[in-house]
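*Asks:* model this:
(3 chains)
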Amino acid sequence: MSFFFEVLIGGLLSGVMYSLVALGFVLIYKASGVFNFAQGAMVFLAALTFVGLREMGIDFWIAFVITLGVMVVLGLLTERIVLRPLVNQPQITLFMATIGLTFVIEGVAQLVWDSQPHNLDLGIQDVPLPWISDSTGMNISTFDITAAGIAAVLVTSLALFFSRTRIGRALRAVADDHQAALAVGIPLQHIWGIVWAVAGFVALVAGMLWGARNGVQFSLTFLALKALPVLILGGFESVPGAIVGGLIIGAAEKLAEVYIGPMVGGGIEGWFPYVLALLFLLVRPEGLFGEKHIDRV
Amino acid sequence: MKSVRQALLGVVLLGAAATVHAQNEQFIPMNGYWVGPYAPGGSGIFGGFIDYVNMINAREGGVNGVKLTYEKCETEYNNARGVECYERQKKKGPTGATMVHPLSTGITYSLIEKAAADKIPVVSIGYGRTDASDGRVFPYIFPLITNYWSQNTAKIKFIGAKEGGMDKLKGKKIVNIYHESAYGKETIPVLDAQAAKYGFTVTHIPVPHPGNEQGAQWLQVRQIKPDWVILRGWGVMNPVALKAAARAGFPREKIVGVWWSGAEEDTIPAGAAAKGYIAAGFNVAGTNFPVIAEIKKYIYAKGRGEMEDQTRIGSIYYNRGVVHGIVTVEAIRKAQEKYGKKALTGEQIRWGLENLSISDANLKALGAAGFMQPLKVSCLDHEGGGAVKFQQWDGNKWVVLTDWITPDRELVRPMIEQSAAAYAKEKNITPRDCSKES
Amino acid sequence: MLYREAGQFKTSYAADQQVFPIRQDRIGVAAALVVAFLVVPLVANQYWLSAILTPFLIFALATIGLNILTGYAGQLSLGTAAFMAVGAFAAYNFVLRVPDMPILLAFALAGVSAALIGIVFGLPSLRIKGFYLAVATLAAQFFVVWALTHFPWFSNYSTSGVISAQKMEILGFAFDTPVRKYLLALSIVAVLAIAAKNMVRSSVGRAWMAVRDMDVAAAVIGIRPLPTKLLAFAISSFYCGVAGALYAFAYLGTVEPEGFNLDLSFRILFMVIIGGVGSILGSFLGAAFIVLLPIFLNTMAPLLEHRLGLQLPAGLTSNLELIVFGSLIIFFLAVEPHGLARLWQIGKEKLRLWPFPH
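*Replies:* Just a heads-up that it's a prediction; the model follows:
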């Protein structure tokens, strides 16, 4: 039984890590209706820039601020150069544009920082918490617990930002109805710029945590694929959905791999979350927390 | 429109300029990958390879006066791009491509029939199709130095030695964590055969590509409580496996990796979690070899060289590239002994590869004693070596643990012949009679 | 002058409804076919035939397949490569396991197999739309590749999971040289492309477009959404399946399941978008663009190096290629969101007036 709980808790904690990546998608989709496939590449760029600066001997917080600056500039440039010319295009065109952006970001990141993998040490030990493994025999990593804590702080502050600040309220207005928001004098393009900058910040946090967990290397870009089932489960437009979806996906895929996997030869983690999310959608097509759309003729 | 036309004209002119070749040149395609998830491997190996080739050109003016030329082509580790690169480069140079190093198991498979038809040897050092070691069925394919099956038997030998004898393997539990791909699955049959032979149990646990997340797999390992884990990873899967092992409390001293899991790029991202991890290798790391010193003298001292980051010189991948260079150059040299000191065709180079013999004395003369193993290729055996050294990561560098450990040929060779014969039957190939080859 | 429909009177419904109603288009298509069948094999060298033209045709076929689904029926799919994989492995297994299997029948059956899988993964489309559906089709992408890797039966128990396509023979004639493979691919693609062109102007095609434009409205006027959407999935997957079989048999020769990865799906989606959503001609243009662009960029780099006599850092050219590729995609989307097919239409409008623009 304790093994079951170990798998479950491990899965939930991995799920939090998926949520971190999914959060970036949600922010942008919510505000501008763009399904930003480049989020994975942004995570990669952020992690690579941060670790590159650290290896140049720059202090942790200074490196953090510089990387944040890079991500904000990237967000603003994306809004200006990629999205503004494509306003009012079908969503799929915008989606393809963000895949193009993915190539550009990957190329620039590797051009500037080379394609070598790096180790990123945030000073958090990635070993089992001794008191838990001594008392229950379960291995729960210190790092995962810390990461979950950071994710909780991040989500709470984002929620506060959205509900308590002027910009946050403007953001929600834009998300509800672009035209109405424009009509009441909300500067749409500024708002989009801000959203991309915030998504850059989320990418930085996700990049640092994932980079510390797996090493900073190109495959961080594949994290987007781990975040997508979380998105369809939680809904593209919902911040709490990203968190809850992440927890469900994380726990379910780990349990499936451990308990169902051996029956079919294993390796089902790659597709299981998608099939799970797909089955869920059949019951509830708008996701857990998505907004229900009613079509009118 | 005018500017477009000018640009097009420029391209045509450039093309014309580039196709002018001197006659005394041997062309080698460099089809590798410098971007993407596997770029550390691709850039390191082709870095060492190209540096070695340039060093030979600078030091000796090429091989017996025949200058070596090359051109890079980006394959992105993708079959279709790899085939396109091959097709593009096979006719380049006065005599066409010398030989191709696809540096990808998938691309190697795609080239097997094409290369045989074009009479261009495909050299896959430490990857590719294992049963191509049977040169009777695969005259143009050279999985030189060592293949996956040989390596795996050497690994079990190493584990046996660690346990205090092969008979001690009985009842032991070994887990094979593998990358779920053509490459990863290749060793399952040989491991199963060995498990039957020595009486240990083996559990195969796949990791889906790319291997960013391995919590579930290592929890399974924890549940099985194996004595040893064999890591058959590629790219990000390796450091994540080491991290996950640390997280699951599995000792890294009991993890033995394949050579594609045993470079600095696989351990450095894992940080402290990698310390103690053991991996097989058919070349060693380090700059303390005359051949590396020569490359530094002739290339880097002149301000040239492939590696922007010169600390990578002497790394596992870089040195593996130098091994590629040595094998390529020596095969050309061997072929020149028979066909004369001029630019040779792929067919002639094939003879050189098949009769390639690099002894310890040759290695010493090349400045590579202890750097790689001696080689003796023949029509029957396109592998030519088969041994590996085991190295351990001490937290900063790879430390060689053993001398060359030879494979279990009695087990591997019949499996290779059987598999090759099945291929020959499927493709209607009549195996060559090696006694008639000269 | 040359491209003018004036004076072409239709006197029967059949004439009005033909696939290419304009005479110049008919001549153009016939001329293109003549060039492709007769001139190209004579002038193109082996590199062009085997490394550029054959893959171009195969990708064009897959792009037509995806275009039917995405462009005409409005269902976004990211699982194209998976359906190609089904086609490739099905064709291999039909030839392997059924004695004396004619290769063309094997290709057709490969398409049918892909169509069946397509129907299964198309079922959610009734309830799910847009990006939710797109992400859901990723389930097909990952599941199919996993299943093909995982069950050794599909690859005839080859240790590595790589399959090696059998020889292609039709009535004793072997398609083994690049020219013959090209001609085989060309024939199949030409037939299927004209069939697709025909299909999209038929009642089926009109039903697809109605569902695409507004599915509730389509239902109101009596088009049943589920069979219509599933038919789109089936036909689209059939095209992709045949393309996958050709990819294995006429192009690469050996394929492994991982070769049909998400990158390939994205690549084909690019071809649809760049070429023009909802256009058969656009599928060809898009495929040509996406096949040629990376090769062109990759060829430019060594030429520049030769020309300028400088040695560029190792990764630089590869990274620049990536950046330029991505930028060009964005640029194209911004400049001509309706794709290359739209440019052709604009050109047609201009041609109608030429040389007297007023």
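*Asks:* point me to the residue of the stretch 101-250 of chain A nearest chain C.
*Replies:* A:F103 (3.0 Å; C-beta to the nearest C-beta). Bear in mind the C-beta positions are built from the backbone N, C-alpha and C, glycine included.
*Asks:* separation between the residue in the stretch 51-200 of chain A positioned nearest to chain B and C:I329?
*Replies:* Residue nearest to chain B within the stretch 51-200 of chain A (C-beta to the nearest C-beta): A:S115, separated by 3.6 Å. A:S115 is 21 Å from C:I329, where distance means C-beta to C-beta, to the nearest Å.
*Asks:* tell me who's in contact with the closest residue in space to the residue of the stretch 51-200 of chain A closest to chain B that isn't next to it in sequence.
*Replies:* With C-beta to C-beta, 6 or more residues apart in numbering or on different chains as the criterion, A:S115 has its nearest non-adjacent residue at 3.6 Å, and that residue is B:A39. By C-beta atoms under 8 Å, 6 or more residues apart in numbering or on different chains, the contact list for B:A39 reads A:110, A:115, A:218, B:33, C:315.
*Asks:* which among the residues you listed gets closest to A:I150?
*Replies:* Of all those, A:F218 has the smallest distance to A:I150: 23.7 Å, by C-beta to C-beta.
*Asks:* without its sequence neighbours, what residue ends up closest to the closest one?
*Replies:* Closest to A:F218 by C-beta to C-beta, 6+ apart is B:P37, at 4.4 Å.
*Asks:* any idea how far chain C is from the one you found?
*Replies:* Applying C-beta to the nearest C-beta, to the nearest Å, the value for B:P37 to chain C is 11 Å.
*Asks:* may I have the phi/psi pair for that residue?
*Replies:* Here is the backbone geometry of B:P37 (degrees, to the nearest 10): phi -60, psi -30.
*Asks:* got it, and A:E286?
*Replies:* Dihedral angles of A:E286 (phi, psi; degrees, to the nearest 10) stand at phi -100, psi 10.
*Asks:* correct me, but it touches A:G235?
*Replies:* Yes. Assessed by C-beta atoms under 8 Å, A:E286 is found in contact with A:G235 at 6.4 Å.
*Asks:* so which of those two has more stuff around it?
*Replies:* Using other C-beta atoms under 10 Å in any protein chain shown as the criterion, A:E286 and A:G235 rank with A:G235 on top: 24 against 18.
*Asks:* determine whether any part of stretch A:10-18 lies close to chain B.
*Replies:* Yes. Interface with chain B: stretch A:10-18 contributes A:10-11, A:14 (C-beta under 8 Å from any C-beta of the partner chain).
*Asks:* generate a PyMOL selection restricted to the buried entries among these.
*Replies:* Applying 16 or more other C-beta atoms under 10 Å in any protein chain shown to the residues of stretch A:10-18 next to chain B, the buried members can be selected in PyMOL as follows:
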select buried, chain A and resi 10+11+14
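*Asks:* any low-confidence regions in the chain?
*Replies:* In the absence of a named chain, this looks at chain A. A:290-297 (pLDDT under 70).
*Asks:* please go with chain C instead
*Replies:* Within chain C, the stretches with pLDDT under 70 are C:1-2, C:306, C:308-314, C:357-358.
*Asks:* and what of chain B?
*Replies:* Using pLDDT under 70, the flagged stretches of chain B are B:1-22, B:438.
*Asks:* now A:A206: how far from chain B?
*Replies:* For A:A206, the distance to chain B - C-beta to the nearest C-beta - is 13 Å.
*Asks:* please name the nearest non-neighbouring residue to that residue.
*Replies:* A:L20 is the one closest to A:A206 (C-beta to C-beta, 6+ apart), at 4.1 Å.
*Asks:* the one you found reaches A:M208, doesn't it?
*Replies:* No. With contact defined as C-beta under 8 Å, A:L20 and A:M208 do not form a contacting pair (9.9 Å).
*Asks:* which one's more surrounded, those two?
*Replies:* More neighbours surround A:L20 than the other of A:L20 and A:M208, with 30 against 24 (other C-beta under 10 Å).
*Asks:* what helix or strand is that one located in?
*Replies:* Using DSSP states H and E, A:L20 sits in helix A:2-32.
*Asks:* contact partners for the residue of the stretch 51-200 of chain A closest to chain B?
*Replies:* A:217-218, B:34-36, B:39-40, B:43, C:315.
*Asks:* how about a cut-off of 7 Å?
*Replies:* Shown in contact with A:S115 (C-beta atoms under 7 Å, 6 or more residues apart in numbering or on different chains): A:218, B:35, B:39-40, B:43, C:315.
*Asks:* name the member of those that has the highest neighbour count.
*Replies:* Within the contacts of A:S115, B:S43 tops the neighbour count with 31 neighbours, counted by other C-beta under 10 Å.
*Asks:* that one belongs to a strand?
*Replies:* No. Assessed by DSSP: H, G, I helix; E, B strand; the rest coil, B:S43 does not belong to a strand; its assignment is helix.
*Asks:* could you find the closest non-adjacent residue to it?
*Replies:* Take B:S43 and drop its neighbours on the chain: the residue closest to it by C-beta to C-beta, 6+ apart is B:W34, 5.0 Å away.
*Asks:* over to A:A224?
*Replies:* A:G40 (3.1 Å).
*Asks:* that neighbour: neighbour count?
*Replies:* With neighbours defined by other C-beta under 10 Å, the count for A:G40 comes to 28.
*Asks:* element containing it?
*Replies:* A:G40 is located in helix A:39-55, with elements delineated by DSSP H and E.
*Asks:* what's that helix packed up against?
*Replies:* Where contact means 3 or more C-beta pairs under 7 Å, 6 or more residues apart in numbering or on different chains; DSSP states H and E, helix A:39-55 is packed against helix A:2-32, helix A:60-77, helix A:91-113, helix A:188-214, helix A:223-234.
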